[in-house]
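**Q** Structure for this input, please:
(one chain, ligands or ions: 1)
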Amino acid sequence: MEVKSSELYSVQDFDKVPKIDGHVHYYTTDPIFIEYARQRNMRYISINVDFKDAGWPEKEEQLAISQYFIKEAPDVFAFIGAVPMCDPYSSICMSGVSAYIQHVLKIGAIGVKIWKNVGMKLRTENRLLMIDHPEFKGLLDFLEDKKIPLLGHFGEPKNCWLPLEEMTVNSDIKYFTKNPDYHMYLHPELPGYEAQIEARDNMLRQHPDLPFVGAHLASCEWSVDEIAARLDSYPNMMVDLAERVCHLQHQCIENYDKVRQFMIDFQDRLIYASDIIHFTDETYGEQIEEVKHRWESQWHFFTQGDLQTTWQVNGEFRGLALPKEVIDKIYFHNAFIAYPRLKYQFLPA
Ligand SMILES: [Zn+2]
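**A** Numbers count the residues shown, from 1 in each chain. Next up is the predicted model:
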């Protein structure tokens with residue numbers, strides 16, 4: 001690896017460089033995190049999702065919060081609307097979906113999101129409803145025809161199908177310990193990892209003009225070769241890094257050059273994202289600490305070439321020391337390509 005230090009950003013450059021966190025969940029009307037983002041030269045794309053577990057606000061409340069902040073803080077806040085899903089699922093649900101999507105776009109959404117409950121929770125005729133099921137054809141045709149970007153979270157990290165002790169990163173062990181319903185190793189009767197990925201790929205083959213962003217490294221986080229194969233096959237696909245940077249760090253332990261080359265080869269297709277969740281409760285200080293830590297440690301990983309550690313990964317890995325122009329694309333410009341409705345006010349003054 002030969003990169004001159006003048007071609008790299010420093011750790012201190014973080015506050016100077018305009019950045020977008022392409023996948024957060026801003027579920028409070030408190031502007032405390034907006035103010036923090038402004039201080040750090042960061043902008044948020046907040047993602048709304050339609051599901052009822054986990055104690056998150058209902059989708060109408062999420063939409064109201066988004067509507068509030070695109071008026072109050074358009075310089076740092078944009079949002080992606082939720083595609084509404086009935087749970088339990090019924091076909092009636094899909095009948096009003098395009099009208100609802102037009103409604104959220106009118107409010108200012110820059111795209112729409114489908115969550116992993118498609119493929120992992122919602123059922124029809126007693127089988128899990130996958131994204132390539134004919135039930136979704138009308139919706140996907142509509143998005144493809146109108147060039148409305150779809151952020152899709154389909155499937156889960158491959159670790160989800162492994163016992164806890166075989167998982168590769170500690171954050172997955174923590175998540176699936178807390179969420180056994182989604183730990184597919186415990187549910188061998190349900191579709192496997194390959195079936196989830198195949199349904200998503202099949203959907204993309206059926207909708208070649210759909211502007212698609214694969215959330216969480218498109219659930220191919222375990223192998224940069226697998227992500228690269230999808231990006232090669234589906235030219236309208238981009239991916240966000242939300243909550244999966246640790247999987248790149250894990251792969252750096254054994255395959256450093258390959259990971260770095262992947263980031264350089266696909267510098268036009270990757271969107272930086274933390275997946276931080278901001279909500280109303282007593283822990284504002286802790287939430288600020290958490291987002292500060294993620295932003296700073298991940299910036300360190302992408303911009304510097306020293307040996308690093310994080311609680312999520314067992315073992316030391318080297319930072320990627322990506323050139324400035326690659327960092328600028330991943331942290332800023334690519335979001336405008338993925339989401340053309342992103343407003344000009346996101347550009348620095
Ligand atoms: Zn998320």
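**Q** doesn't residue 36 fall inside a strand?
**A** No: counting by DSSP: H, G, I helix; E, B strand; the rest coil, one finds residue 36 to be helix, located in no strand.
**Q** Which residues are in contact with it?
**A** Neighbour list for residue 36: 288, 291, 292 [criterion: CB atoms under 8 Å, 6 or more residues apart in numbering]. Backbone N, C-alpha and C define where each C-beta goes, glycine included.
**Q** Next one: it from residue 278, what distance?
**A** Separation of residue 36 from residue 278 (CB to CB, to the nearest Å): 10 Å.
**Q** now the strands for the stretch 201-349 of the chain?
**A** Listed in chain order, the strands of the stretch 201-349 of the chain (DSSP state E, counting those that start in this stretch) span 212-214, 237-240, 270-271, 277-279, 307-310, 313-318.
**Q** could you measure residue 305 against residue 6, distance?
**A** With CB to CB as the criterion, residue 305 and residue 6 are 14 Å apart.
**Q** With residue 28 instead?
**A** 41 Å.
**Q** follow-up on the earlier one: shared neighbours, residue 36 and residue 278?
**A** residue 291.
**Q** what's the least confident helix or strand in this structure, going by average pLDDT?
**A** The helix or strand of the chain with the poorest confidence is helix 92-95; it has a mean of 86 (mean pLDDT, DSSP states H and E).
**Q** wait, residue 221 sits on residue 160?
**A** No: under the criterion of CB atoms under 8 Å, residue 221 makes no contact with residue 160, lying 10.8 Å away.
**Q** Settle it for me: which of those two has more neighbours?
**A** Taking neighbours as other CB atoms under 10 Å, residue 221 and residue 160 compare with residue 221 leading, 27 against 24.
**Q** Residue 213 is in contact with residue 337, correct?
**A** No: the pair residue 337 / residue 213 is not scored as a contact, 10.2 Å apart, by CB under 8 Å.
**Q** Strands of the stretch 51-200 of the chain, residue ranges please.
**A** Under DSSP E, counting those that start in this stretch, the stretch 51-200 of the chain gives strands at 77-82, 112-114, 123-124, 127-128, 150-152.
**Q** And for the longest one, what's in contact with it?
**A** Put plainly, it is strand 77-82. 26, 34, 43-50, 59, 62-63, 66, 69-70, 101, 104-105, 107-113, 115, 149, 151, 339, 342-343, 346.
**Q** From these, which land in helices?
**A** Those of those mapping onto helices are 34, 59, 62, 63, 66, 69, 70, 101, 104, 105, 107, per DSSP state H.
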